[in-house]
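Trainee: Quick one, structure for this:
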Amino acid sequence: MAATGSEKQGAKAFYVTTPIYYVNDAPHLGHAYTTVAGDVLTRWHRQRGEKVWYLTGTDEHGQKIMRTAEANDVTPQAWCDKLVEEAWKPLWEHLNIANDDFIRTTQKRHTDRVQEFVQDLYDKDEIYKGGYEGPYCVGCEEYKLPGDLVEAEDGTKLCAVHKKPVEILKEENYFFKLSEYGPKLLEFYEANPGFIQPESARNEVVNFVKQGLEDLSISRSTFDWGVPVPWDEKHVIYVWIDALLNYATAVGYNENPAKFDETFPANVHLIGKDILRFHAVIWPAMLMAQGLPVPGRVAANGWLMVGGEKMSKSNLTGIKPQDLTSHFGVDAYRWYFLRAIAFGQDGSFSWEDFSARYTSELANDYGNLASRVAAMVGKYFGGALPASAADGEAEKAVHEGLAKAVAVADAKIGEELDFQGGILAIFEFVKQVNGYITEQEPWKVAKTAFDDAADAAGSEEGRARLATILYTAAESLRAVAVLLNPIMPETSQALWASLGAEASLGALASQPVQSSATWGQLPAGATVTKGAVLFPRLEEPKKD
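Mentor: So this is what the prediction gives:
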């Protein structure tokens, strides 16, 4: 999807990435959680008028993919092609993910550049040949340290993430001199305290690096599904070195200097906390070794939990996003997880909590407000939005409430990655507008405004007051549509059209979030129509 809004030509793009996801199986809620968060963040910055680049993709090499393909009696490439085209890309389209690029690590634009990067490090004497023996988790594609293992009842050593036995591997490898970068990394963390978020993740990484780093095995020689090491094709490049480099290869590393300069490095890498060390230790060390700039921020989100376990296919707790979107709708799905879970912390999903929040906040607070306002403008003014004619202290409070909501939401979502805090600020304003209507009682004012028995002066005063109340409510909804557009684009577009804003103000996607607080943008006379209910009453889910 092309970026919208008035971009700053020549400026560096606001570059956001998700992890590239393993294609050993179809995506579940955990994958979608991170991807939706990145989509909301980049849509927000687009509506600031910034140049934006949003990257996601798939990680298609490594032993785990090879074994999955073998178990399904197909080649690794055929397996990856099937999963990407039939599961991953269709889901992102279904969830309205507006990514600018989708990279696959089997693409030539990536594999050629990976070989060049590693060859450069080898030529700089940053890589040497050695041997290694240790516990390896195929699920993580990672050699494990003793502290990364847990013990089963029978004494078997298990990966703490996947709860599956590790394999003891011994092979000849090439190593990257990671140990030499410990002091440089610690100096960088000290100078850039916001590089790793949240604070708990930063503390974990700093303590890990302080204990001393070991050199990193960057090749495998016991299987061949990977990018060949250019100087020794008996080896393939370690899948994590291959994967991390997608953030550079996707934006023109060694191929399109102009694109690379205006995009790299990423402003924000969104990741799961289980891959924190790769992104906050290995990746910046690789960039330092190559003389390239380090990313602005590595933001680790927590785990989605079901029954006390991390949501994953291996734990049999994976839930398809479509299971929820078919019941609640796509926009409600995009909203719920960012609203219910503080980004960076673990959070539990429950159907009951989703249903309760949908009914209370979306259907009752937000959807009902939009329906009531449109219905009253239609009933009392024939669908033509009246001009505000009698502003007072009540209206001033609404204006101030909007200004506060915009400022807080912009800081929370656009800068702090506190999606929950930003959404709460917007919905506090929605509640304020609901309270305003309840207190002003436009249905009672209408009796005075259109009472044939009332004198002319009383009727005129009543109509002025009624017009002011309804304009205030409609103008508030105009701003809410802008603020919620990055989060719930389909619903916001429907509301935008209902308010007649499309004709009078232009496309919703071009509306700057930061100036949405400017009062009076919705012009009097705009045609307000009562469209379909934004958030329909939920039906009871079908039971088997």
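
Trainee: can I assume Trp53 sits in a strand?
Mentor: Yes - per DSSP: H, G, I helix; E, B strand; the rest coil, Trp53 lies within a strand segment.

Trainee: Contact partners for it?
Mentor: For Trp53, the contacting residues are Ala13, Phe14, Tyr15, Val16, Thr42, Asp100, Asp101, Val251, Thr263, by C-beta atoms under 8 Å, 6 or more residues apart in numbering. Glycine gets a C-beta too; all of them are placed from N, C-alpha and C.

Trainee: can you tell me which of the residues you listed are in helices?
Mentor: Thr42, Thr263 (DSSP state H).

Trainee: Which one (most neighbours) among the contacts of Trp53?
Mentor: For the contacts of Trp53, the largest neighbour count, defined by other C-beta atoms under 10 Å, is 28 neighbours, found at Thr42.

Trainee: Distance of it relative to Lys273?
Mentor: 21 Å (C-beta to C-beta, to the nearest Å).

Trainee: re the thing from before, in a markdown table: the contacts of Trp53, plus distance to Phe175 and pLDDT.
Mentor: Output for those, formatted as a markdown table (distance: C-beta to C-beta, whole Å; pLDDT from 0 to 100):
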| residue | distance to Phe175 | pLDDT |
| --- | --- | --- |
| Ala13 | 34 | 98 |
| Phe14 | 35 | 98 |
| Tyr15 | 30 | 98 |
| Val16 | 32 | 98 |
| Thr42 | 37 | 98 |
| Asp100 | 35 | 98 |
| Asp101 | 32 | 98 |
| Val251 | 28 | 98 |
| Thr263 | 30 | 98 |
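
Trainee: downstream neighbour of the helix or strand hosting Trp335 in the secondary structure list?
Mentor: Taking DSSP states H and E as the criterion, Trp335 maps to helix 330-340. Sequence-wise, the next helix or strand downstream of helix 330-340 (DSSP H and E) is strand 347-348.

Trainee: so how far is that following strand off the chain centroid?
Mentor: 17 Å (C-alpha atoms, centre = their mean, to the nearest Å).

Trainee: Which neighbouring elements make contact with it?
Mentor: Counting contacts by 3 or more C-beta pairs under 8 Å, 6 or more residues apart in numbering; DSSP states H and E, strand 347-348 packs against strand 304-306.

Trainee: Pairing partners for the strand it packs on, with directions?
Mentor: strand 309-310 (antiparallel), strand 347-348 (parallel) (DSSP bridges).

Trainee: Next, the buried residues of that strand.
Mentor: Leu304, Met305, Val306 (16 or more other C-beta atoms under 10 Å).

Trainee: Repeat that for stretch 44-52.
Mentor: Residues of stretch 44-52 classed as buried: Trp44, His45, Arg46, Gln47, Arg48, Gly49, Glu50, Lys51, Val52 (neighbour count, 16+ other C-beta under 10 Å).

Trainee: Among these, which one lies nearest to Leu402?
Mentor: The shortest gap between Leu402 and any of the buried residues of stretch 44-52 belongs to Gln47, at 16.1 Å (C-beta to C-beta).

Trainee: Which residue is the nearest non-sequential neighbour of that closest one?
Mentor: Val513 (4.6 Å; C-beta to C-beta, 6 or more residues apart in numbering).

Trainee: repeat for Pro536
Mentor: In space, and not counting its chain neighbours, Pro536 is closest to Ala363: 7.7 Å by C-beta to C-beta, 6+ apart.

Trainee: Asp215 too?
Mentor: Of all residues not flanking Asp215 in the chain, Phe175 sits nearest, at 4.4 Å (C-beta to C-beta, 6+ apart).

Trainee: got it, and Phe354?
Mentor: Nearest to Phe354 is Tyr336, by C-beta to C-beta, 6+ apart, at 5.4 Å.

Trainee: least reliable of the strands paired with strand 304-306 going by mean pLDDT?
Mentor: Of all the strands paired with strand 304-306, strand 309-310 carries the lowest average pLDDT, namely a mean of 60.

Trainee: helix or strand right after that one?
Mentor: Moving toward the C-terminus from strand 309-310, the next helix or strand (DSSP H and E) is helix 321-328.

Trainee: any residues touching that next one, and which ones?
Mentor: Contacting residues not belonging to helix 321-328 are listed as 27-29, 32, 91, 94-95, 333, 336, 354, 358, 538-539, 541 [C-beta under 8 Å, 6+ apart].

Trainee: Going by contacts, tell me the helices and strands next to the strand or helix carrying Ala397.
Mentor: Assessed by DSSP H and E, Ala397 sits inside helix 393-409. Packing partners of helix 393-409 (3+ C-beta pairs under 8 Å, 6+ apart): helix 419-440, helix 456-484.

Trainee: Out of those, flag the one nearest Val205.
Mentor: Closest to Val205 of the helices and strands packed on helix 393-409, according to C-beta to C-beta: helix 419-440, at 22.6 Å.

Trainee: quick one: that closest one to helix 393-409, angle?
Mentor: Inter-element angle recorded for helix 419-440 and helix 393-409: 170 degrees (by axes from the mean of the first three to the mean of the last three C-alpha atoms, to 10 degrees).

Trainee: Surely the residue nearest to Asp215 is within a strand?
Mentor: Yes - Phe175 forms part of a strand when assessed by three-state DSSP.

Trainee: residues near it, how many?
Mentor: By the measure other C-beta under 10 Å, the count of residues near Phe175 is 19.

Trainee: Now do the same contact list for it.
Mentor: Contacts for Phe175 (C-beta under 8 Å, 6+ apart) come out as Ile127, Tyr128, Lys129, Gly130, Tyr132, Asp215, Leu216, Ser217, Ile218.

Trainee: if we go to 10 Å?
Mentor: Phe175 sits next to 126-132, 214-219 when contact means C-beta atoms under 10 Å, 6 or more residues apart in numbering.

Trainee: Keep only those of those residues that are in strands.
Mentor: Of the contacts of Phe175, the ones assigned to strands by DSSP state E are Ile127, Tyr128, Lys129, Gly130, Gly131, Tyr132, Leu216, Ser217, Ser219.

Trainee: Including neighbour count and distance to Lys184, could those go into TSV?
Mentor: As requested, these are exported to TSV (neighbours: other C-beta atoms under 10 Å; distance: C-beta to C-beta, whole Å):
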residue	neighbour count	distance to Lys184
Ile127	22	17
Tyr128	12	19
Lys129	12	24
Gly130	10	22
Gly131	10	26
Tyr132	16	24
Leu216	24	15
Ser217	24	20
Ser219	24	23
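
Trainee: Among those residues, find the lowest-pLDDT one for me.
Mentor: Within the set of the ones in strands among the contacts of Phe175, pLDDT is lowest for Tyr132 (69).

Trainee: helices and strands of this protein: which one bottoms out on pLDDT?
Mentor: The helix or strand of the chain with the poorest confidence is strand 309-310; it has a mean of 60 (mean pLDDT, DSSP states H and E).

Trainee: For Pro293, the count of nearby residues, please.
Mentor: 11.

Trainee: Look at it and tell me its secondary structure.
Mentor: Pro293 is classified as coil under three-state DSSP.

Trainee: Nearest residue to it in space, ignoring adjacent ones along the chain?
Mentor: Distances taken as C-beta to C-beta, 6+ apart place Pro265 nearest to Pro293, at 4.7 Å, with adjacent residues excluded.

Trainee: The one you found: what secondary structure?
Mentor: Pro265 is classified as coil under three-state DSSP.

Trainee: And it, how close does it get to Leu158?
Mentor: Distance from Pro265 to Leu158, by C-beta to C-beta: 36 Å.

Trainee: now do Ala409
Mentor: According to C-beta to C-beta, Ala409 stands 43 Å off from Leu158.

Trainee: Please identify which of the two sits among more neighbours.
Mentor: Ala409 (30 against 17).
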